[in-house]
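[1] just need the structure, nothing else, for what follows:
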Amino acid sequence: MKNRENIEAFYKNKFDWIPKGLKNEIGHFNVFLRGACGTSKNEPINYNRRDYFKITLLKGNVKINYAHKSIESKKYALMFSDPLVPYSWEPLNEEQSGYFCIFTEAFFHRFGALREYPMFQPNGDKVFLLDATGLTDIETIYEKMFTEIVSEYPYKYDVLRNHVFELIHYALKMEPISAVKSHRHERSTQIAFLFMELLERQFPIESPFRRLEIKTPSDFAKHLNIHVNHLNRTLKNITGKTTSELIAQRISQEAIILLKHTDWSISDIAFALGYDEAPHFINFFKKMVDQTPKKYRESIHV
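    Residues are numbered from 1 along each chain as shown. Here you go, the predicted model:
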């Protein structure tokens, strides 16, 4: 199963090494030039989740995809990414450069609630287009990060946290009032996106002891603070499928992955996917896949 990329995997994939003491850190921060991480700055970033935060200054013509949105930046953009929302981007010309910083949520423990900022919420704007003045301002903040991170100042990480907040507040001040008002007209799309985000956030199932908790349409409606009938109508209009159909489709997909890539028993898989009794899971799987879990597992190992 493909899991989220964590900080250790980032360093291993980009540099083929892991900083000393990284696993023992309470929180982590670092800053980089784009293209200085062992891969070309012109290579596309694949659609995936990371378990860390990242703020990127993108210089060049680039197409950015996240959640249900796709945005093209002709020149300069500031992008915010976080563990909740998968993203990707692809360069559209050869002239690509910029900066980025990465950090864990623990790095800001007791230093501000990151999740309260709009760009770090599932339905928030993640990309802010910059003009030449904005580019200069943002580059100045990154240059201060580079200077500070190699300094001997004992409180340098407090300064670096402040620089991250500079980026956040710079972006928030850019957002026009009209953009905030327009969100109301996208309410149905937002509900559908938040539902899918809440559903996907529970996967992949990485342990038979970690159980699926939000499983029924009523569960999702309660978490989204809307009536279950409204949720059902919205999803039907947006996706063409009911809430129950979307949930069943994703659970069956995860069941197939677990049957293929783990040696867990059928009972363990059933429990992890929220079924108290294995026969109920077997009936569900047979209805969705037209085979029992046992027959399906046998067929892929022939």
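[2] quick one, strands of this structure?
    29-33, 45-48, 53-59, 62-66, 69-73, 76-81, 87-91, 97-103, 127-130 (DSSP state E).
[3] quick one, which of those gets closest to Tyr296.
    Closest to Tyr296 of the strands of the chain is strand 45-48 (CB to CB; 26.8 Å). In this view, the C-beta of every residue, glycine as well, is placed from N, C-alpha and C.
[4] and for the closest residue to Phe100 other than its chain neighbours, the neighbour number?
    Spatial nearest neighbour of Phe100, chain neighbours left out: Thr56 (4.0 Å); criterion: CB to CB, 6 or more residues apart in numbering. Residues lying near Thr56 (other CB atoms under 10 Å) number 23.
[5] could you check how far Thr56 is from His163?
    Distance of Thr56 to His163, given as CB to CB, to the nearest Å: 14 Å.
[6] circling back to that earlier point, highest average neighbour count across the strands of the chain?
    strand 76-81 (a mean of 24; mean count of other CB atoms under 10 Å).
[7] out of the strands of the chain, the one nearest Ile300 is which?
    Once the strands of the chain are compared by CB to CB, strand 45-48 is nearest, at 24.6 Å.
[8] average pLDDT across that closest one?
    Regarding strand 45-48, the rounded mean pLDDT is 61.
[9] for the residue lying closest to Leu33 once chain neighbours are set aside, list the residues it contacts.
    With sequence-adjacent residues excluded and distances taken as CB to CB, 6+ apart, Leu33 is closest to Tyr99, at 6.0 Å. Shown in contact with Tyr99 (CB atoms under 8 Å, 6 or more residues apart in numbering): 31-34, 56-57, 139, 142.
[10] and the least confident of those residues?
    Arg34 (87).
[11] I'd say it and Gly60 touch.
    No - between Arg34 and Gly60 no contact is recorded; they are 9.0 Å apart, counting by CB atoms under 8 Å.
[12] give me the common contacts of the two.
    96-98.
[13] Provide the backbone phi and psi angles at Glu277.
    phi -120, psi 130 (degrees, to the nearest 10).
[14] how deep is it tucked in, by neighbour count?
    Glu277 has 11 nearby residues by other CB under 10 Å.
[15] please parse the chain into its domains.
    Per automatic domain parsing, the structural domains of the chain span 7-175, 184-300.
[16] weakest of those in terms of mean pLDDT?
    Taking the mean pLDDT of the domains of the chain, domain 7-175 comes last: a mean of 86.
[17] ok now it, how far from the chain's centre?
    The chain centroid and the centroid of domain 7-175 are separated by 13 Å under CA atoms, centre = their mean, to the nearest Å.
[18] what do you get for stretch 228-241?
    24 Å.
[19] show me what counts as buried in it.
    228, 231-232, 234-235, 238 (16 or more other CB atoms under 10 Å).
[20] same thing with stretch 203-221?
    Quick answer for stretch 203-221 (16+ other CB under 10 Å): 203, 205, 208, 212, 215, 217, 219-221.
[21] farthest pair within the residues you listed?
    Once CB to CB is applied, those give Pro208 and Ala221 as the farthest pair, at 27.9 Å.
[22] including distance to Lys260, could the strands of the chain go into CSV?
    Formatted as CSV, the strands of the chain follow (distance: least, CB to CB, whole Å):
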stretch, distance to Lys260
strand 29-33, 36
strand 45-48, 20
strand 53-59, 31
strand 62-66, 27
strand 69-73, 31
strand 76-81, 29
strand 87-91, 25
strand 97-103, 32
strand 127-130, 35
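[23] what's the closest of those strands to Asp263?
    The nearest among these, by CB to CB, is strand 45-48 at 25.5 Å.
[24] I'd say Pro130 and Thr136 touch.
    Residue 130: Leu, not Pro. No - the criterion here is CB under 8 Å, and Leu130 misses it with Thr136 at 9.2 Å.
[25] how near is Leu33 to Arg250?
    38 Å.
[26] for Thr104, what are its contacts?
    Thr104 touches 7, 27-29, 51-53, counting by CB under 8 Å, 6+ apart.
[27] residues touching Arg201, list them.
    So Arg201 contacts Leu84 (CB under 8 Å, 6+ apart).
[28] going forward, count from 28.
    With 28 as the first residue, the last one maps to Arg228.
[29] relative to Asp78, how far out is it?
    From Arg228 to Asp78 the distance is 12 Å (CB to CB).
[30] what touches both of the two?
    With CB under 8 Å, 6+ apart as the test, Arg228 and Asp78 reach no residue in common.
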